[in-house]
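**Q** Quick check, what structure comes out for this input:
(one chain, ligands or ions: 2)
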Amino acid sequence: MSDSEEETQDKQLKIVILGDGASGKTSLATRFAQEAFGKQYKQTVGLDFFLKRITLPGNVSVTLQVWDIGGQTLGGKMLDKYIYGAHGVLLVYDITNYQSFEDLEDWLGMVRKVNEEAERQPNVALVANKSEDAVACPRGAGVDLEHMRTVKADKHSRFCQENGLSSHFVSAKTGDSVAVCFQRVAADTLGIKLNKAEMEQSQGVLKAELVDYREASGLREYRAAAAAARCDKSSVCSVQ
Ligand SMILES: Nc1nc2c(ncn2[C@@H]2O[C@H](COP(=O)(O)OP(=O)(O)OP(=O)(O)O)[C@@H](O)[C@H]2O)c(=O)[nH]1
Ligand SMILES: [Mg+2]
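**A** Ligands and ions are numbered 1, 2, ... in the order given. From the prediction side, this is the model:
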């Protein structure tokens with residue numbers, strides 16, 4: 001194949017999403033690939049696939065093959081086959097469910113075991129779902145389940161440092177930081193650096209209702225709307 005033919009061929013990357021049941025893996029994949037979110041929980045049996053093409057800096061077009069693995073597969077016979085050959089892994093936990101964070105040791109253990117003899121290890125991202133970005137909204141905008149958080153951010157950071165993972169705080173519900181999370185894993189795999197502007201550009205758009213402050217009845221609503229507006233202006237992913 002000539003160089004130019006190779007350049008026009010789309011690169012494909014296998015991205016595997018792992019984590020406990022109900023942590024939000026399917027919701028993240030659906031948000032990323034279809035820009036949709038459903039409140040109803042429907043357990044993934046085995047696995048599902050999603051495809052999405054993205055463009056990285058330098059006009060690099062990449063198709064992400066997203067493997068959404070059911071949480072019940074941990075300890076099962078098929079999990080190593082699902083993980084095998086992954087370029088990137090999203091390790092997802094629910095910030096309101098401490099057990100889902102603790103179980104990441106086991107999920108990560110499986111990733112390491114499967115790739116023990118491989119030439120390269122996949123890029124692994126730690127993904128705190130149902131949260132909001134602490135940099136963009138330092139005081140919290142109340143858009144998702146921050147008020148029910150049971151996994152402290154410093155535990156999250158320590159786990160990243162100890163295991164060499166990139167760090168992400170996302171919400172499949174609002175779409176906050178979801179796209180940039182997938183984009184960062186793809187970019188890391190291909191050795192492409194994302195700058196701050198590129199990370200901001202790929203943010204999911206927060207859908208906020210327009211509120212007429214003069215008519216907003218109580219102070220509480222006014223504060224919530226103001227906080228949401230602050231968050232909307234500078235939605236930056238916290239990447240470490
Ligand atoms: N508030 C909130 N709820 C979420 C979010 N992401 C997912 N959920 C809800 O959490 C529940 C579980 O989500 P799923 O995406 O089905 O979880 P899963 O990790 O795929 O679960 P398994 O398929 O069993 O492994 C659903 O009711 C979702 O609506 C989020 O970011 N915020
Ligand atoms: Mg699922």
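**Q** Identify each of the helices in the chain and give its residue range.
**A** Secondary structure of the chain (DSSP state H): helices at 3-8, 25-34, 79-83, 98-102, 104-114, 153-163, 178-190, 196-201, 219-233.
**Q** Enumerate the positions of the third one that are buried.
**A** Neighbour-count burial for helix 79-83, counted by 16 or more other Cβ atoms under 10 Å, picks out 79, 82, 83. Where C-beta positions appear, they are placed from N, C-alpha and C, glycine not excepted.
**Q** again, but for the fourth one
**A** For helix 98-102, the neighbour count (16+ other Cβ under 10 Å) marks 100, 101 as buried.
**Q** for that helix, packing partners?
**A** The helices and strands touching helix 98-102, judged by 3 or more Cβ pairs under 8 Å, 6 or more residues apart in numbering; DSSP states H and E, are strand 88-94, helix 153-163.
**Q** helices and strands of the protein: which one has the lowest mean pLDDT?
**A** Across the helices and strands of the chain, mean pLDDT, DSSP states H and E gives its lowest value to helix 219-233, namely a mean of 42.
**Q** Point out the most buried one among the helices and strands packed on helix 98-102.
**A** strand 88-94 (a mean of 27; mean count of other Cβ atoms under 10 Å).
**Q** which other helices and strands contact that one?
**A** In this structure, strand 88-94 packs against strand 11-18, helix 25-34, helix 98-102, helix 104-114, strand 123-129, helix 178-190, with contacts taken as 3+ Cβ pairs under 8 Å, 6+ apart.
**Q** So which of these is nearest ligand 2?
**A** Among the helices and strands packed on strand 88-94, helix 25-34 comes nearest to ligand 2, with 3.2 Å by Cβ to the ion.
**Q** Packing partners of the closest one?
**A** Using 3+ Cβ pairs under 8 Å, 6+ apart as the contact test, the elements touching helix 25-34 are strand 11-18, strand 47-56, strand 60-69, strand 88-94, strand 123-129, helix 178-190.
**Q** May I have the last one as PDB, with CA atoms only?
**A** The one in question is helix 178-190. Extracted in PDB, the C-alpha atoms of helix 178-190 (Å, rounded to 0.1, in the frame of the first residue of the first chain):
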ATOM      1  CA  VAL A 178     -17.700  12.800  28.000                       C
ATOM      2  CA  ALA A 179     -16.400  13.500  24.500                       C
ATOM      3  CA  VAL A 180     -13.100  14.900  25.700                       C
ATOM      4  CA  CYS A 181     -12.600  11.700  27.800                       C
ATOM      5  CA  PHE A 182     -12.800   9.500  24.700                       C
ATOM      6  CA  GLN A 183     -10.800  12.000  22.700                       C
ATOM      7  CA  ARG A 184      -8.000  12.100  25.200                       C
ATOM      8  CA  VAL A 185      -7.700   8.300  25.300                       C
ATOM      9  CA  ALA A 186      -7.600   8.100  21.500                       C
ATOM     10  CA  ALA A 187      -5.000  11.000  21.300                       C
ATOM     11  CA  ASP A 188      -2.800   9.400  24.000                       C
ATOM     12  CA  THR A 189      -2.900   6.100  22.100                       C
ATOM     13  CA  LEU A 190      -1.800   7.800  18.900                       C
END
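**Q** what about that helix and ligand 1, any contact?
**A** No: Helix 178-190 is not in contact with ligand 1 by Cβ under 6 Å from any ligand atom; minimum separation 8.7 Å.
**Q** What are the buried residues along that helix?
**A** 178, 179, 180, 181, 182, 183, 184, 185, 186, 187, 188, 189.
**Q** would you turn these into JSON lines with pLDDT?
**A** Converted to JSON lines, the buried residues of helix 178-190 look like this (pLDDT from 0 to 100):
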{"residue": "178", "pLDDT": "95"}
{"residue": "179", "pLDDT": "95"}
{"residue": "180", "pLDDT": "93"}
{"residue": "181", "pLDDT": "95"}
{"residue": "182", "pLDDT": "97"}
{"residue": "183", "pLDDT": "95"}
{"residue": "184", "pLDDT": "95"}
{"residue": "185", "pLDDT": "96"}
{"residue": "186", "pLDDT": "96"}
{"residue": "187", "pLDDT": "96"}
{"residue": "188", "pLDDT": "94"}
{"residue": "189", "pLDDT": "94"}
